[in-house]
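Participant: Sequence and predicted model, in that order:
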Amino acid sequence: MSAWKALSGELDPDVRTFVERLRLVIDRSGLGVVAVVERTGHDRADWDAFLHARRPVPRSAVVALSDITGADLGPLTAAWEHADRAWKRLLRERAVAEAGPTPDPGPPPGPARDGVRDGRRDPEGVPDPRPGPQDAPPADRTLRIRKVVPPAPAHGPTMAPAPDPAPAPAPDPDPAPDPAPAPAPGSVPRKPRRATPLLYAAGIAGAALVVTAAVLLADLGGPGGSAAPTAAPTPSATTVAPEPAPSLPDGVRCTGADCGGQDPERMGCGGPLATTVASTRIGPAFVEVRYSGVCAAAWARITGAAAGDEVSVQHGTAVQVANVPEGGDTDAYTAMIPVASGAAARACAMLAGGEDGCTGE
């Protein structure tokens with residue numbers, strides 16, 4: 001490493017570790033930078049920027065360097081992923097610093113509440129302490145009992161008939177009474193027994209009481225009344241406690257079916273949480289099946305490709321597809337599909353030149 005120019009002390013530790021690993025791979029291969037430039041297809045200026053940490057290294061350069069030197073691609077790829085995230089984080093921080101802070105417009109003015117508007121007392125907003133119509137006590141709903149006037153007799157308008165001054169004598173129940181004995185001389189003759197007027201009055205009063213009781217029972221909701229039935233109490237709803245969500249590592253935002261169609265890097269499923277479970281080379285492109293056990297999902301990745309090349313991952317009827325965009329990028333990866341294990345998924349690629357193939361073939 002003594003032949004290399006010393007790296008800046010302000011570098012991110014992940015970037016420094018990755019660049020030093022690249023230098024070590026080149027030193028151990030014995031090829032030199034010129035041979036690396038000729039065999040990887042990247043310019044000398046690009047490799048100078050890569051090996052001195054002045055520019056992010058594309059994944060295609062890492063794959064090409066692994067192919068020509070025989071270095072293990074797994075550890076080299078893992079170090080590249082950490083460095084790539086560090087570069088992206090640095091670029092975002094630079095963009096925010098160049099944009100400058102956004103001025104705070106302050107809280108918007110709100111409506112007056114309880115006589116206070118925008119922090120100042122509004123004398124016209126003081127609530128009136130006098131009770132309004134809404135403060136009036138509820139109406140008295142005391143049950144009112146209706147008086148019932150007993151029916152008047154047919155021979156007079158008064159509530160109770162006056163006693164008959166000359167009632168007819170009660171008939172004698174005996175059809176053939178014995179003749180009354182003659183009164184003794186000097187005795188006063190006995191008058192015949194007549195029905196007393198109090199009996200008539202008592203009968204009429206009893207009938208009036210019966211009618212009054214019947215009316216009261218109807219008003220109070222008794223038999224035959226119209227009182228509203230009492231509503232049955234509403235049964236209380238049973239609250240079902242939700243099942244606790246599974247705990248995920250810091251930065252991981254989905255697992256299983258929730259990861260379907262999601263970006264693995266954005267959901268925190270890539271990096272050290274992902275491994276390459278299957279791979280193949282199709283022409284100049286390298287195709288991999290990437291799997292994360294924590295997220296229980298897989299995706300496909302292609303490197304060393306050209307614009308217009310297509311890569312896909314599939315499991316059963318679930319398929320996700322991605323294309324290599326224009327603009328110099330030579331790698332791409334698909335969204336995730338949920339799988340129980342990485343062996344259940346396979347990755348396929350179709351190159352713009354007509355070549356195609358899949359892992360596991």
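Facilitator: Received, thanks.
Participant: what number of residues lie near the closest residue to residue 298 other than its chain neighbours?
Facilitator: Distances taken as Cβ to Cβ, 6 or more residues apart in numbering place residue 345 nearest to residue 298, at 4.0 Å, with adjacent residues excluded. (Each C-beta comes from the backbone N, C-alpha and C, glycine too.) For residue 345, the neighbour count with other Cβ atoms under 10 Å is 28.
Participant: For residue 345, give me its contacts.
Facilitator: By Cβ atoms under 8 Å, 6 or more residues apart in numbering, the contact set of residue 345 is 277, 289, 291, 298, 313, 314, 315, 337, 339.
Participant: shouldn't residue 274 be in contact with residue 289?
Facilitator: No: with contact defined as Cβ atoms under 8 Å, residue 274 does not count as touching residue 289 (10.2 Å).
Participant: burial of the closest residue in space to residue 259 that isn't next to it in sequence, as a residue count?
Facilitator: In space, and not counting its chain neighbours, residue 259 is closest to residue 297: 4.0 Å by Cβ to Cβ, 6+ apart. By the criterion of other Cβ under 10 Å, residue 297 has 31 neighbours.
Participant: With residue 204 instead?
Facilitator: 17.
Participant: Could you do the one 3 residues further on as well?
Facilitator: The tally of other residues near residue 207 (other Cβ under 10 Å) stands at 12.
Participant: Now that we're looking at the nearest residue to residue 340 once chain neighbours are set aside, what pLDDT does it have?
Facilitator: What sits nearest to residue 340 in space, not counting adjacent residues and going by Cβ to Cβ, 6+ apart, is residue 296, at 6.8 Å. Residue 296 is assigned a predicted lDDT (pLDDT) of 95.
Participant: who touches residue 296 in this structure?
Facilitator: Going by Cβ under 8 Å, 6+ apart, residue 296 touches 255, 256, 259, 338, 339, 340.
Participant: Tell me how far the closest residue to residue 248 other than its chain neighbours lies from residue 354.
Facilitator: Excluding its sequence neighbours, the residue lying closest to residue 248 (Cβ to Cβ, 6+ apart) is residue 255, at 6.2 Å. Separation of residue 255 from residue 354 (Cβ to Cβ, to the nearest Å): 38 Å.
Participant: These two: who's more crowded?
Facilitator: residue 255 (19 against 7).
Participant: So residue 269: helix, strand or coil?
Facilitator: Under DSSP: H, G, I helix; E, B strand; the rest coil, residue 269 falls in the coil class.
Participant: Run a quick neighbour tally on it.
Facilitator: Using other Cβ under 10 Å: residue 269 sits among 28 other residues.
Participant: ok, it - contacts?
Facilitator: Counting by Cβ under 8 Å, 6+ apart, residue 269 touches 252, 254, 259, 292, 294, 295, 297, 336.
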